[in-house]
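1. no FASTA, just this:
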């Protein structure tokens with residue numbers, strides 16, 4: 001990006017107050033050309049179907065599909081709080 005901006009400034013009359021706008025414009029153009037402007041992050045797919053993840057005997061992690069009696073320790077090892085886990089999978093609060 002720096003090469004593009006410096007080439008533009010070297011060949012065009014640009015006031016120093018306009019430089020941030022030129023840089024922002026070049027940045028936006030580069031993002032658009034790479035397809036980054038419209039790219040939506042893909043929503044991850046759960047390792048197991050959400051409806052089948054809760055049973056009377058165990059809970060199945062949507063992250064790895066393994067069976068657990070409680071997800072608290074598992075979530076800590078993943079660096080997630082229960083609220084972050086629920087939000088990441090669009091689960092209700094309780």
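-> Right, received. Where do you want to start? For clarity, every value in this text was computed on a predicted model and none was experimentally measured.
2. rest of the way, CA atoms for contacts and neighbours
-> Will do.
3. can you get me a residue count around residue 33?
-> 10 (other Cα atoms under 10 Å).
4. any idea how far it lies from residue 26?
-> Distance of residue 33 to residue 26, given as Cα to Cα, to the nearest Å: 10 Å.
5. which stretches of the protein form strands?
-> 59-60, 67-68 (DSSP state E).
6. out of those, the one nearest residue 87 is which?
-> Among the strands of the chain, the nearest to residue 87 by Cα to Cα is strand 59-60 (16.6 Å).
7. and that closest one, what does it pack against?
-> In terms of contacts (3 or more Cα pairs under 8 Å, 6 or more residues apart in numbering; DSSP states H and E), strand 59-60 is packed against strand 67-68.
8. returning to what we had before: what would the strands of the chain look like in TSV with distance to residue 94?
-> Shown next, in TSV, are those (distance: least, Cα to Cα, whole Å):
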stretch	distance to residue 94
strand 59-60	14
strand 67-68	18
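9. so of those strands, which one's packed in deepest?
-> Most buried of these, by mean neighbour count (mean count of other Cα atoms under 10 Å): strand 59-60, with a mean of 19.
10. what about residue 60, distance to residue 20?
-> 50 Å.
11. who does the helix or strand of the chain with the lowest mean pLDDT touch, helix- and strand-wise?
-> Least confident helix or strand, the chain: helix 19-33 with a mean of 84, by mean pLDDT, DSSP states H and E. Under the contact criterion of 3+ Cα pairs under 8 Å, 6+ apart, helix 19-33 touches helix 2-11.
12. mind listing what's buried in the helix it packs on?
-> residue 5 (16 or more other Cα atoms under 10 Å).
13. now the angle from it to helix 19-33?
-> Between helix 2-11 and helix 19-33, the angle comes out at 130 degrees (axes from the mean of the first three to the mean of the last three Cα atoms, to 10 degrees).
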